[in-house]
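**Q** heads up, no residue letters with this:
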């Protein structure tokens, strides 16, 4: 019975509104909320200096022009990457 409840839990935005905006970005999350979703699924990673960031992949290769491995760089280094 519990599994059936989960199947009817509303609309989930995978990585935010990732079909229209870069996934796992504030822009994608805000857009998903504006659309009225019930849930937003996101992914987290940890930088070399222990900061938690939202990113699906272990590197920025797929979402940016710079390829950085999240666990190998500091938060400050990661902030230089533009995905919007």
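**A** The structure has been received and is ready for your questions. Please read all numbers here as calculations on a predicted model, not as lab measurements.
**Q** residues near the closest residue to residue 80 other than its chain neighbours, how many?
**A** Using C-beta to C-beta, 6 or more residues apart in numbering and skipping the chain neighbours, the partner closest in space to residue 80 is residue 66 (7.5 Å). For glycine as for every other residue, the C-beta is placed from the backbone atoms N, C-alpha and C. Counted with other C-beta atoms under 10 Å, the neighbours of residue 66 add up to 14.
**Q** tell me which element the residue at minimal distance from the centre of the chain falls in.
**A** With the centre of the chain defined as its mean C-alpha position, the nearest residue by C-alpha atoms, centre = their mean is residue 24, 2.3 Å away. Residue 24 belongs to no helix or strand when elements are defined using DSSP states H and E.
**Q** can you give me the buried ones in stretch 64-79?
**A** By 16 or more other C-beta atoms under 10 Å, the buried positions in stretch 64-79 come out as 64, 68, 70, 73, 78.
**Q** what's the closest of the residues you listed to residue 52?
**A** residue 70 (10.1 Å; C-beta to C-beta).
**Q** list the contacts for the closest one?
**A** 45, 46, 47, 53, 55, 58, 59, 60, 78 (C-beta atoms under 8 Å, 6 or more residues apart in numbering).
**Q** farthest-separated two in these?
**A** 46 and 60 (14.4 Å).
**Q** residue ranges in this structure under the pLDDT threshold?
**A** 1-8, 84 (pLDDT under 70).
**Q** that one: strands as residue ranges?
**A** Secondary structure of the chain (DSSP state E): strands at 12-14, 39-41, 44-46, 52-54.
**Q** between those, which gets nearest to residue 32?
**A** With C-beta to C-beta, the closest approach to residue 32 among these belongs to strand 12-14: 3.6 Å.
**Q** who touches that closest one?
**A** With C-beta under 8 Å, 6+ apart, strand 12-14 has contacts from 23, 28, 29, 32, 35, 37, 38, 39, 40, 41.
**Q** in contact with the third one, which residues?
**A** Contacts were defined as C-beta under 8 Å, 6+ apart; by that measure residue 29 touches 13, 16, 17, 40, 42.
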